[in-house]
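In: Have a look at this prediction, sequence included:
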Amino acid sequence: MGNSPQLRLKYDGLFDFDGLYAAIIDWAKRYGYRWHEAAYKHKVPSPAGAEQEFIWALNKRVDEYLDYEILFNVKVEDLSDVTVKNKHLSNGRINILIQGKVISDWNKDSGKRGKILSKFINFYKKQKVVDYTTEGGHTYETLYYRILDLHATMKKFFDMQSKSNQYLAKKS
């Protein structure tokens with residue numbers, strides 16, 4: 001069907017990679033997504049550090065017709081392990097691209113469908129009902145707002161969000 005706009009998160013410095021991983025898994029469980037690692041690549045470390053690439057996928061069955069998929073393309077460069085106060089941290093540059101996708105007719109097993117269900121699905125596609133809303137109120141916007149929430153969770157993990165904003169600041 002279609003993809004959501006891509007969100008990017010870049011960070012350079014010390015970070016807890018295991019903690020980031022756990023935060024994403026926790027978010028996925030909270031919203032009913034299944035997680036799996038679609039790809040993993042590790043390059044031999046250079047003097048600057050190792051390079052790793054991951055593709056993570058979060059999937060959620062919305063209804064009998066729709067699935068949500070959130071893909072992470074993660075690239076870590078100049079990665080090295082550091083121990084600070086008995087805590088294992090990673091040092092390096094991390095670049096994360098997040099994009100959502102609404103998958104319609106995920107089953108596609110039309111041979112097992114009855115005539116009525118096949119006609120309904122064809123009508124559903126022709127009328128582009130999914131572009132606006134479905135019976136459960138699921139839309140592209142719903143997925144995109146979920147991704148924005150996940151992005152904010154990750155920014156909070158990296159302490160990249162400000163503690164206040166200009167509207168809350170005292171006026172002199």
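Out: Thanks, I have it.

In: element containing the spatially most central residue of the chain, please.
Out: Taking CA atoms, centre = their mean as the criterion, Ile70 is the residue nearest the geometric centre of the chain, at 4.2 Å. Per DSSP states H and E, Ile70 falls inside strand 66-84.

In: Tell me the buried residues in the following helix or strand past that strand?
Out: Sequence order places strand 87-104 as the next helix or strand after strand 66-84, per DSSP H and E. With burial defined by 16 or more other CB atoms under 10 Å, the residues of strand 87-104 counted as buried are 89-90, 92-94, 96, 98-104. (Glycine included, C-beta is placed from N, CA and C.)

In: circling back to that earlier point, pull the strand holding Ile70 out as PDB, backbone CA atoms only.
Out: Extracted C-alpha coordinates of strand 66-84, given in PDB (Å, rounded to 0.1, in the frame of the first residue of the first chain):
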ATOM      1  CA  LEU A  66      -4.000  -4.900   7.300                       C
ATOM      2  CA  ASP A  67      -0.600  -5.200   8.900                       C
ATOM      3  CA  TYR A  68       1.700  -2.500  10.200                       C
ATOM      4  CA  GLU A  69       5.400  -2.800   9.700                       C
ATOM      5  CA  ILE A  70       8.100  -0.500  11.200                       C
ATOM      6  CA  LEU A  71      11.600  -0.900   9.700                       C
ATOM      7  CA  PHE A  72      14.800   0.300  11.400                       C
ATOM      8  CA  ASN A  73      17.900   0.700   9.300                       C
ATOM      9  CA  VAL A  74      20.700   1.100  11.900                       C
ATOM     10  CA  LYS A  75      24.300   1.900  11.100                       C
ATOM     11  CA  VAL A  76      26.900   2.300  13.800                       C
ATOM     12  CA  GLU A  77      30.400   3.500  12.900                       C
ATOM     13  CA  ASP A  78      33.600   3.800  14.900                       C
ATOM     14  CA  LEU A  79      32.100   1.600  17.500                       C
ATOM     15  CA  SER A  80      34.200   0.700  20.600                       C
ATOM     16  CA  ASP A  81      33.300  -0.700  24.000                       C
ATOM     17  CA  VAL A  82      33.900   1.400  27.000                       C
ATOM     18  CA  THR A  83      33.500   0.700  30.700                       C
ATOM     19  CA  VAL A  84      32.400   3.600  32.900                       C
END
